[in-house]
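Engineer: just to be clear, the model below is a prediction. Sequence and coordinates:
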Amino acid sequence: MKQVTVKIIDPVGLHARPATVAVNAASKCKSDVNVAFKGREVNMKSIMGVMSLGIPTQAEVVISATGEDEEQAIAAIEEVLRAQKIIE
Amino acid sequence: MKQVTVKIIDPVGLHARPATVAVNAASKCKSDVNVAFKGREVNMKSIMGVMSLGIPTQAEVVISATGEDEEQAIAAIEEVLRAQKIIE
Amino acid sequence: AIAQGLALSKTTTISIVMSEKLLAYNTKILNGLMDVAKIYNYNIMFHTTSKGISKMQDVIESIIKSRVDGVILFNDNFTEDEMEVLHEYQIPMVVVGARFEGKKDENVGNVYVDFERLAYDLVRDLIEQGVDDITLMEDRLNLSMMKQLKKGIEKAFEDAGKNFEGYISYGDGYKSSYAFFKDYFKDHKPAKFNMAFRDSQAIAVMNAAAEAGFHSPEDLQIVSVLDSKYLNMVRPRISSYNIPEYDMGAISMRLLTKMLVSDRDQDENRNIEISYTPIPRDTTKEELFY
Amino acid sequence: AIAQGLALSKTTTISIVMSEKLLAYNTKILNGLMDVAKIYNYNIMFHTTSKGISKMQDVIESIIKSRVDGVILFNDNFTEDEMEVLHEYQIPMVVVGARFEGKKDENVGNVYVDFERLAYDLVRDLIEQGVDDITLMEDRLNLSMMKQLKKGIEKAFEDAGKNFEGYISYGDGYKSSYAFFKDYFKDHKPAKFNMAFRDSQAIAVMNAAAEAGFHSPEDLQIVSVLDSKYLNMVRPRISSYNIPEYDMGAISMRLLTKMLVSDRDQDENRNIEISYTPIPRDTTKEELFY
């Protein structure tokens, strides 16, 4: 497993379009990808899962990937979220 | 041939949605249907034709139908235009 | 033509059905639907209903003929009979907008805002603060929503031992609302509290009142249920509710996805309530949304 | 699944492609497209492009795979390379919005407003009236339109022996425009004439100026090129242009219909210019649109 802690800077948090962008990025990976916030962890490929976490702006969340492409998965997800100004 | 003179009361004239509603009503008839305004006559089943007449509000136009269902055609077109408050 | 058909058949196809008149008010929901559809590589067939051009019956016929895999319906588009036809063909569908009050089965999902509770809670607070001079402006484009708002207000009045008589109905659109209130304020005072569903109605009552010498929030409080960026651009800025519309769209499409793959008898939740939060701006008094 | 495909293949299918960010500004064009499509019983596949979710390349791939009969493209969605790919597959298409400046052939139609001439005529009149202190606010959502407006203004300046330097660029959206002007007017006067493409930018400059003590039209004239009902709701009401957007949509779909059935070598007009007319309201001086 590979993991990274990121800070959400999008003003609406990980809701709405930012959440959908995150799910889209995660969905492209072969690895299982999870996102954890305040002790709850959900499948990052699930829109309703990610939205149910209610992640606000400035929150720190942990993204983890497990699988053959875990290394690249984390890097790719970070890159997309950063390009979309969702994380720092 | 059967024809009728009607007055356009829709505030935008026979442009935009009203024109499209009129063309839709004419298109359902088997007869040839024409609309005439200020000496120019066009096929009432043609959107670009009808719009090209530039028919303003309060204009009087002549609708004519030629064909086996000409009687019903005129009646049906009048009914639709009236229901949509395009003519009096 | 056959090759074309075969190519199309590989992909899941979803029909989105909405009324043309509501399109301008539902672009965020549509964006949420489209984004999630794209993630699942769905093809989207788009249908609008439009008076004098295409009726709901035609749309239903075209949906059944083209055998789409699922349907997203915006509320306020259809009658119970029309829903019945879609039911018979067992097409999974999600109704988005207000709470769907027709017959439900495992083929029907609903992603909704509880407008009745929103209105009830607001009016209960107002009555507690001594305000019972309340107007609800009819919005003909959203009659399901109106019905639910009215029900909530009536219940709050009833619970306070009062009777609600402030429902007003006139034409739709800003121009007719504005003309109505310009005339109305010649010999009437505005209600102490004015509730509209859409931005344009709220702006209409504010402008007409201001031009008659009444100012918000002192003389009249105003709330638009649906938020829009324009409420922040007018002066004074009009209070409203934040309803996560993009999320409603995204969740609706995701729910439909689940319905397409899941066992019919699985007891999953197909009714998802979306939360709302007030956005106090300049047209409501400080004590209302504390 | 094969039966489903066969059923689908009987009907003409048209893809409509637009950017998600432009959806809210193009609902009238979309309504015109949908109404005419319905008259011809076309199926409409709807595609949106959306940053981080679906790129134009993905949309093109899906259009080619599903072998639609024709495409309606909103301008500002694609690059020349992307157009090239659609060209290669010989898919008839109509580009709607601004004048399309890429390579054209018999498979490409264009229904457009001549924004360059609109800007040229307006600025020529302004210069004749002694006004050459003019600002054009960049709109990042509509860069093709901006390019054409800028070209028209520059030409009018050039013809008057002057040089245009009033193009300003900041973020997109009302909030960033408003913040920019709030700050700007602390130590600058507004330009005598301010031209925006969309309603929100025009309202932003008006609100920021009013709050800094400058009033329209005396201190600053304001025009929004695109009209919207909100320009009539703010005070003062903002002048704009009437562009028949519904007609643009209706005509675009009709043009595509003709292209689908006509002989390739037929020399029909595939470039249709749509007219515009000024709507003088409160933010322009009387002599401007006489």
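Structural biologist: Yep, it's here. Keep in mind that what you see is a predicted model, and the values were worked out from it rather than measured.
Engineer: contacts and neighbour counts: CA atoms only from here.
Structural biologist: Will do.
Engineer: OK, contacts around the closest residue to chain B within the stretch 101-250 of chain C?
Structural biologist: Going by Cα to the nearest Cα, chain B is nearest to residue C:175 of the stretch 101-250 of chain C, at 13.2 Å. If a contact means Cα atoms under 8 Å, 6 or more residues apart in numbering or on different chains, then residue C:175 has residue C:204 as its contacts.
Engineer: now residue C:235
Structural biologist: Applying Cα under 8 Å, 6+ apart, we find residue C:235 in contact with residue D:234.
Engineer: ok so it is a helix residue?
Structural biologist: No - when the secondary structure is assigned by DSSP: H, G, I helix; E, B strand; the rest coil, residue C:235 falls in coil instead of a helix.
Engineer: that one and residue D:204: what is the separation?
Structural biologist: As defined by Cα to Cα, to the nearest Å, residue C:235 lies at a distance of 12 Å from residue D:204.
Engineer: where does pLDDT dip in the stretch 151-290 of chain C?
Structural biologist: Per-residue confidence of the stretch 151-290 of chain C (counting by pLDDT under 70) places the weak regions at C:172, C:263-268.
Engineer: and it, which of its residues are near chain D?
Structural biologist: On the criterion Cα under 8 Å from any Cα of the partner chain, chain D has as its neighbours in the stretch 151-290 of chain C the residues C:200, C:203, C:204, C:207, C:230, C:233, C:234, C:235.
Engineer: near chain B, which residues of chain C show up?
Structural biologist: By the criterion of Cα under 8 Å from any Cα, the positions of chain C lying close to chain B are C:51, C:52, C:53.
Engineer: top of those by number of neighbours, please.
Structural biologist: residue C:53 (21 neighbours; other Cα atoms under 10 Å in any protein chain shown).
Engineer: tell me the contacts of that one?
Structural biologist: Shown here is residue C:53, whose contacts under the criterion Cα under 8 Å, 6+ apart are B:20, B:21, B:24, D:35, D:38, D:39.
Engineer: can you get me a residue count around the residue lying closest to residue A:43 once chain neighbours are set aside?
Structural biologist: On the basis of Cα to Cα, 6 or more residues apart in numbering or on different chains, the spatially nearest residue to residue A:43 that is not a chain neighbour turns out to be residue A:34, at 4.5 Å. Residues contacting residue A:34 under the criterion other Cα under 10 Å number 20.
Engineer: ok, residue A:34 touching residue A:42?
Structural biologist: Yes - here residue A:34 lies in contact with residue A:42, judged by Cα atoms under 8 Å, at a distance of 5.5 Å.
Engineer: what residues does chain C have near chain A?
Structural biologist: C:32, C:35, C:36, C:39, C:244, C:246, C:247, C:250, C:251, C:254.
Engineer: check these and tell me the two furthest apart.
Structural biologist: Spatial extent of the residues of chain C next to chain A (Cα to Cα) is set by the pair C:39 and C:244 at 19.9 Å.
Engineer: among the contacts of residue C:53, which are in reach of chain C?
Structural biologist: The residues of the contacts of residue C:53 that also fall near chain C, by Cα under 8 Å from any Cα, are B:20, B:21, B:24, D:35, D:38, D:39.
Engineer: can you list contacts of stretch A:37-56?
Structural biologist: Identification of contacts with stretch A:37-56 by Cα under 8 Å, 6+ apart yields A:8, A:12-16, A:19-20, A:22-24, A:26-27, A:32-36, A:60-62, C:250-251, C:254.
Engineer: kind regards, and thank you for your time.
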